[in-house]
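Return atomic coordinates for the entry below.
(chains A and B)
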Protein chains: 2
Amino acid sequence: MDLNAQEKKPAFSQRLKDFPSKLKGSVIKRMKNVQKLGKDDPRRIIHSMKVGIALTLVSMLYYVRPLYNSFGVSGMWAILTVVVVFEFTVGGTLSKGLNRGFATLTAGTLGVGAIHFARIFGHKGEPIVLGILVFSLGAAATFSRFFPRIKQRYDYGALIFILTFCMVAISGYRTEEILVMAYQRLSTIIIGGTMCILVSIFVCPVWAGEDLHKMIVNNINKLAKYLEGFEGEYFPLPEKISNETNSCVRRAYKSILTSKSTEDTLANLARWEPGHGRFRLRHPWKKYLKIAGLVRQCAFHFEILNGYVLSNDKAPEEFQNKIQEPIATMSRETGEALKAIAKSINTMSKDSVSVHAHIDNSKKAIENLRIAFKSFNPETEKDLLDIIPGVTMASILIEIVNCVEKISEAVEEFSGLAHFNETLDQKLSAEIGQHQLLHRGTVKPVLDGDNSSPHVLITVHDEQPPITKEKNVLGEEKTRADVV
Amino acid sequence: MDLNAQEKKPAFSQRLKDFPSKLKGSVIKRMKNVQKLGKDDPRRIIHSMKVGIALTLVSMLYYVRPLYNSFGVSGMWAILTVVVVFEFTVGGTLSKGLNRGFATLTAGTLGVGAIHFARIFGHKGEPIVLGILVFSLGAAATFSRFFPRIKQRYDYGALIFILTFCMVAISGYRTEEILVMAYQRLSTIIIGGTMCILVSIFVCPVWAGEDLHKMIVNNINKLAKYLEGFEGEYFPLPEKISNETNSCVRRAYKSILTSKSTEDTLANLARWEPGHGRFRLRHPWKKYLKIAGLVRQCAFHFEILNGYVLSNDKAPEEFQNKIQEPIATMSRETGEALKAIAKSINTMSKDSVSVHAHIDNSKKAIENLRIAFKSFNPETEKDLLDIIPGVTMASILIEIVNCVEKISEAVEEFSGLAHFNETLDQKLSAEIGQHQLLHRGTVKPVLDGDNSSPHVLITVHDEQPPITKEKNVLGEEKTRADVV
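Numbering: from 1, shown residues only, chains lettered A, B, ... in the order given. Model prediction:
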């Protein structure tokens, strides 16, 4: 230890000398960090401004004499509410604001009731009764916060309930003007909460729902990106161009592996939001989580597949050449299917025809792969051992095709619930409908021998409601949004 | 729509009739839910009681006349602090309490400074200057909350900073006794915060660190459970006993797939906690996340493997019989290795000898599997196609063995940093050391031909510090804990 201390001394004086340049470097680094954070999502800067505006507005309760005369020091509660309630998304602000408002109202009422009840027991009994009430309601409300459903949606409300009840019940012991105080507090909290909600909705709103929608689209596109470059990476060209930057983009799917909590939070907040833009009031936000779950399941397969792609232990060239064509088609067509799914969600228009076409093509490629496997005749015993990595890689890729088919089914179900636009699908189906019909006719018998998943009969046009319904939907959206 | 309404009418009257019985059923269901929630983790009930106790204690500031005389209505801030700061874990309470305390102190000082600064500009200029300060500091502090590092550890502090600064700066405009007010508020916040921290630490504490520790152990055990029943599920006996309940236990690993955010939160809170029980002050909590990441990577493989286990599409019997023995050994030995790792972490005693022995056995089984593959001679073309699911399953199982080896390496590194007890390892190594040495001698040449991962030279006993160090560690632990 002593030796270490001695060694450190010159280092320390050196560090003292380097301090100015280091400080400069660190400040520049920090400034760049700030810039990057703002550039990555400029809404962050706007949000900070919005909070500043709301705070300045609410401080008028103090600065403007007539307002101060009517609310007095209770104006403080409006400031407190703005700071605590103002969240990044509209859903977050609404959830906290409504929770706070209702919890304050109910707990305040209960608190005033508790005081009147305790006063029955005389001056000596009052604090004891109040103490018992504070203990039992505080403990019960704290326990209620462990219920998953309350924790998910009303956790903040429960907290504010405890807070308000205790404050009213306890401070009521010392003040006679409890009703005036309660009224002032409630009204300033409502003023603060309303200001937050208004600023949050009308000044460059950030909708949790839209973020969730974009996140799912992005995640599906990330999967597509990986498959897009799959052939080039697994079957590298002789010159072997190393593209490190590209690899980083292609590994973007890794973020999906652990994105569940973000998705859950966004879906939860989205349910608090009124209809906005393309989303109606009762947009099926929960369905996004179902799709996200399937996308994540697909990403798990990618993670395993990636291990085989990065491994240097590839099958012999002869075998690789045989499987390259079907594998390339599988990955390309599945990637295209994912892109079509992402586009369909993004534009909120049905596009099952081209999605199914790409999936069917992938399935045909699976059959070709089987034929390639069959035609490969292991001459020596060693050959069988050598092709194992290639076989495993192919098996996982087949599983990925199945996963993507499940995603497409879930999106199809979702597109009905979310009232997707149908023009794109109908236009496309008119164009390739005939071709598709022929196409399917030839594919089906081949698929019967498929071991990957049971063949699903594709009934694209049967359940499509007439195009006039779309207008109704838009009309309904407006009325619903008005109610909120 | 009208038709639907008519159909609903009788249903409604029926529902009215059923209401009492339904209400009773729902109440009973809810009561059972409450019971279950408490039984699942009795610490929840204790936590609720603790909050109740802290609230009752803090309400003394109002009930006891001398206390009320010195703090007045500022006692309210103590109640507010208790409600907001008291968290389930000690780490959570400490993090919030310290954040609140420091943020209030700095923001309060800045706020008082801001008022004095603003007063220079006269009665007309004061609110304008204060408004500009509130806007800019509020916006800047809000923006700072987007920095990942601040968000992770000081988010609550930033919130309280904005809150306190605004309240002091704004309300200072109307009151002359700003210093008295600031003093009273700060002292009541300190009283409330200290009470929370004391109750949280000394009344049945819930340590986030211990929870994290147990969670990692549990997760590793979940993986082991899956491998334990693997043979029985993949190679079912002819009578085919269906054990649904067992399957539920075995699928417990699925929770690991999405447990990242819980682990991150616990590790983050654990860093706030003082030394407790077996954990020193600077226990390497971050290393748990590294192990947890590897465990999750392993769980991804399980998820893919599970698809092949549940699939009805198994390889032909002849092939299955050939691979059953090595596959069974692999899964059993890897499961045993995982169990040994979990036990080693749980008891905080090194046990690398038996872990390595089990991993070596699994690796020998991999070699046997290769021999089995070689000896299988596909007679027809169809045979090659048929064995693909079996081959894929085996490949993934081999990857799992590699994953487990990585976990064992990470745990070994961790055991040094966390000062694991070494007696178990030394006792065992004395017993099987000789055998182990022989063992390794035979394994190594076989492994050279292994394509799964580069062989890692196992140096178990070289880096073990002498046993006397352990006492030093314990001594150090005590001094460090006292400092906190």
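
Now for residue A:385, how many residues are close by?
When neighbours are counted by other CB atoms under 10 Å in any protein chain shown, residue A:385 registers 15. (C-beta placed from N, C-alpha, C; glycine too.)

how much space between it and chain B?
Distance, residue A:385 to chain B, by CB to the nearest CB, to the nearest Å: 6 Å.

who's in contact with that residue?
B:370, B:373-374 (CB atoms under 8 Å, 6 or more residues apart in numbering or on different chains).

One more: residue A:151?
Per CB under 8 Å, 6+ apart, neighbours of residue A:151: residue A:145.

Can you report phi and psi for residue A:203?
phi -110, psi 100 (degrees, to the nearest 10).

mind checking how far it is from residue A:325?
Residue A:203 sits 56 Å away from residue A:325, going by CB to CB, to the nearest Å.

Likewise for residue A:317?
Counting by CB to CB, the gap from residue A:317 to residue A:325 is 14 Å.

These two: which is more packed in?
residue A:325 (15 against 8).

What distance do you get for that one to chain B?
From residue A:325 to chain B the distance is 18 Å (CB to the nearest CB).

Please look at residue A:412 and residue A:352 and confirm they touch.
Yes: under the contact definition of CB atoms under 8 Å, residue A:412 touches residue A:352, with a separation of 5.5 Å.

Quick one: residues contacting the most centrally placed residue in chain A.
Nearest to the mean C-alpha position of chain A, counting by CA atoms, centre = their mean, stands residue A:263 at 2.7 Å. For residue A:263, the contact set (CB under 8 Å, 6+ apart) comprises A:212, A:215-216, A:288-289, A:292.

Check residue A:415 too.
Going by CB under 8 Å, 6+ apart, the list of residues near residue A:415 reads A:344, A:350, A:352.

and the helix or strand harbouring it, what's its mean pLDDT?
Following DSSP states H and E, one finds residue A:415 within helix A:388-417. Averaged over helix A:388-417, pLDDT sits at 91.

what is the orientation angle of it with helix B:388-417?
For helix A:388-417 against helix B:388-417, the angle between stretch directions is 90 degrees (axes from the mean of the first three to the mean of the last three CA atoms, to 10 degrees).

roughly how far is helix A:388-417 from the heart of the chain?
Computed by CA atoms, centre = their mean, to the nearest Å, the chain-centroid distance of helix A:388-417 equals 21 Å.

Which positions in the helix or strand where residue A:320 lies come out as buried?
Using DSSP H and E, residue A:320 sits within helix A:317-347. Buried residues in helix A:317-347, counting neighbours by 16 or more other CB atoms under 10 Å in any protein chain shown, are found at A:319, A:322-323, A:326-345.

between the contacts of residue A:263, which is closest to residue A:89?
When these are ranked by distance to residue A:89 (CB to CB), residue A:212 comes first, at 9.8 Å.

Not counting sequence-adjacent ones, nearest residue to that closest one?
Of all residues not flanking residue A:212 in the chain, residue A:266 sits nearest, at 4.0 Å (CB to CB, 6 or more residues apart in numbering or on different chains).

cool, and residue A:422?
residue A:350 (5.1 Å).

and the one you found, backbone torsions?
When quoted as degrees, to the nearest 10, the phi and psi of residue A:350 stand at phi -60, psi 140.

Just give me the neighbour total for it.
If we define neighbours as other CB under 10 Å, then residue A:350 has 23 of them.

Could you verify my assumption that it touches residue A:344?
Yes: using CB under 8 Å, residue A:350 is in contact with residue A:344, at 6.4 Å.

got the residues of the stretch 201-350 of chain A near chain B?
A:257-258, A:260-261, A:296-297, A:300-301, A:303-304, A:307, A:313 (CB under 8 Å from any CB of the partner chain).

On the three-state scheme, the closest residue to residue A:140 other than its chain neighbours is what?
Closest residue to residue A:140 apart from its sequence neighbours, by CB to CB, 6+ apart: residue B:48 at 7.2 Å. Assigned by DSSP: H, G, I helix; E, B strand; the rest coil, the conformation of residue B:48 is helix.

need the contact list for residue B:48.
Residue B:48 touches A:139-140, A:142-143, counting by CB under 8 Å, 6+ apart.

what do you get if the cut-off is 7 Å, keeping everything else the same?
Counting by CB atoms under 7 Å, 6 or more residues apart in numbering or on different chains, residue B:48 touches A:139, A:142-143.

so what's it scoring on pLDDT?
Here, the pLDDT recorded for residue B:48 equals 93.

Residue B:96 versus that one, what's the distance?
With distances taken as CB to CB, residue B:48 is found 18 Å from residue B:96.

State whether residue A:361 and residue A:332 are indeed in contact, as I suppose.
No: using CB atoms under 7 Å, residue A:361 makes no contact with residue A:332, being 8.7 Å away.

ok so, going back, count the residues that sit near the residue nearest to residue A:212.
28.

which parts of the stretch 1-150 of chain A sit against chain B?
Residues of the stretch 1-150 of chain A lying close to chain B (CB under 7 Å from any CB of the partner chain) are A:37, A:44-45, A:47-49, A:51-52, A:55-56, A:59, A:62-63, A:68, A:73, A:76, A:79-80, A:83, A:127, A:131, A:134-136, A:138-139, A:142-143, A:146-147.

The stretch 51-200 of chain A: helices as residue ranges?
In the stretch 51-200 of chain A, the segments counted as helices under DSSP state H, counting those that start in this stretch are A:60-63, A:65-71, A:75-85, A:90-119, A:122-144, A:148-171, A:178-202.

re earlier: to the chain's geometric centre, what's the distance from the helix or strand containing the residue nearest to residue A:212?
Per DSSP H and E: residue A:266 is located in helix A:260-270. A distance of 5 Å separates the C-alpha centroid of helix A:260-270 from that of its chain, computed with CA atoms, centre = their mean.

same thing with stretch A:327-334?
28 Å.

can you dump the C-alpha coordinates of it into CSV?
Extracted C-alpha coordinates of stretch A:327-334, given in CSV (Å, rounded to 0.1, in the frame of the first residue of the first chain):
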residue,chain,number,x,y,z
ILE,A,327,-30.6,-19.5,-48.5
ALA,A,328,-30.1,-16.2,-50.3
THR,A,329,-33.6,-16.2,-51.6
MET,A,330,-35.0,-17.1,-48.2
SER,A,331,-33.2,-14.3,-46.4
ARG,A,332,-33.9,-11.8,-49.1
GLU,A,333,-37.6,-12.6,-49.5
THR,A,334,-38.2,-12.8,-45.7
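
what pLDDT, on average, does that stretch get?
In this model, stretch A:327-334 has an average pLDDT of 93.

who touches that stretch?
Residues contacting stretch A:327-334 (CB under 7 Å, 6+ apart): A:227, A:230-231, A:358, A:361-362, A:365-366, A:369, A:394, A:397, A:400-401, A:404.
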